[in-house]
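Chemist: no letters, just coordinates:
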């Protein structure tokens, strides 16, 4: 899966993003189906790179069009997350669980039906036609910086809302200077990796795997990765 080209950022940072994506692909050549995408926005800042480690589960039917997938929003992801592991749901119950209005949930139900995930039943009830569960075993997010490691650290920490692992990536020589700061990175739950010009990685601190803070944002990240993959394949 080829990552999309990063735009709207300084050239040096763009080159680091490209090098990081290439190194991540080379580091795990057996996982060719894993998705590597750039500039992923889960409303917690735009992550420079997000990697989804596939688990073999197909959340959406194979023939789902990219146009239909584009209808998915954070509200849709909230409803999907609320319905995870269930066979059916009712508008008012899901609305309370998601802190959404009933009219918003009703719209999201229609989107799920349009995606082939569910069908309506009498009384505002929806019956799921497919199991709702995570399509990725693991999601990793990276913030890439050339110099400003402090803002990069804070931004990477924000990605814990949707990712299992988060890291700050810097040029290797700059990352090496932060060895004395690793306790701060551990406190924030953020890994530190260096990138050199040959697209090689040097890990100074590997991130621990954690449960994402928001199940809904994790679901949103999953759908964004799937949408990007379908769009690139079209």
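Modeler: Okay, I see it. Fair warning: this is a prediction, and the values are worked out from it, not measured in the lab.

Chemist: so residue 41 bridges to which residues?
Modeler: Under DSSP bridges, the beta-bridge partners of residue 41 are residue 46.

Chemist: how close does it get to residue 110?
Modeler: Note on residue 41: its distance to residue 110, by C-beta to C-beta, to the nearest Å, is 24 Å. Glycine gets a C-beta too; all of them are placed from N, C-alpha and C.

Chemist: repeat that for residue 37.
Modeler: From residue 37 to residue 110 the distance is 27 Å (C-beta to C-beta).

Chemist: pull out the buried positions in the longest helix along the chain.
Modeler: Assignment by DSSP state H gives helix 215-233 as the longest helix of the chain. By 16 or more other C-beta atoms under 10 Å, the buried positions in helix 215-233 come out as 215-230.

Chemist: also stretch 162-175?
Modeler: Under the neighbour-count criterion of 16+ other C-beta under 10 Å, stretch 162-175 has 162-172, 175 buried.

Chemist: now the terminal residues of that stretch, how far apart.
Modeler: For stretch 162-175, the first-to-last residue distance is 25 Å (C-alpha to C-alpha, to the nearest Å).

Chemist: from the chain's centroid, how far away is that stretch?
Modeler: Taking C-alpha atoms, centre = their mean, to the nearest Å, one finds the center of stretch 162-175 at 15 Å from the center of the full chain.

Chemist: pLDDT (mean, whole number) over it?
Modeler: Mean pLDDT, stretch 162-175: 97.

Chemist: contacting residues around the residue lying closest to residue 128 once chain neighbours are set aside?
Modeler: Nearest in space to residue 128, with sequence neighbours left out and distances taken as C-beta to C-beta, 6 or more residues apart in numbering, is residue 118 at 5.0 Å. Counting by C-beta atoms under 8 Å, 6 or more residues apart in numbering, residue 118 makes contact with 109, 112, 126-130.

Chemist: OK, contacts around the closest residue to residue 60 other than its chain neighbours?
Modeler: Leaving aside its chain neighbours, residue 60 sits nearest to residue 115 (6.0 Å; criterion: C-beta to C-beta, 6+ apart). Residue 115 sits next to 60-61, 64, 68-69, 71-72 when contact means C-beta under 8 Å, 6+ apart.

Chemist: from the buried residues of stretch 162-175, which is closest to residue 95?
Modeler: Closest approach to residue 95 among those (C-beta to C-beta): residue 162, at 22.3 Å.

Chemist: residue 69 is in contact with residue 60, correct?
Modeler: Yes. Using C-beta atoms under 8 Å, residue 60 is in contact with residue 69, at 7.0 Å.

Chemist: list residues touching both of those two?
Modeler: Common neighbours of residue 60 and residue 69, using C-beta under 8 Å, 6+ apart, are 115, 226.

Chemist: residue 61: what's it in contact with?
Modeler: For residue 61, the contacting residues are 115-116, 130, by C-beta under 8 Å, 6+ apart.

Chemist: can you give me the helices in this protein?
Modeler: 11-27, 66-69, 74-83, 91-98, 102-114, 149-158, 172-176, 182-188, 215-233.
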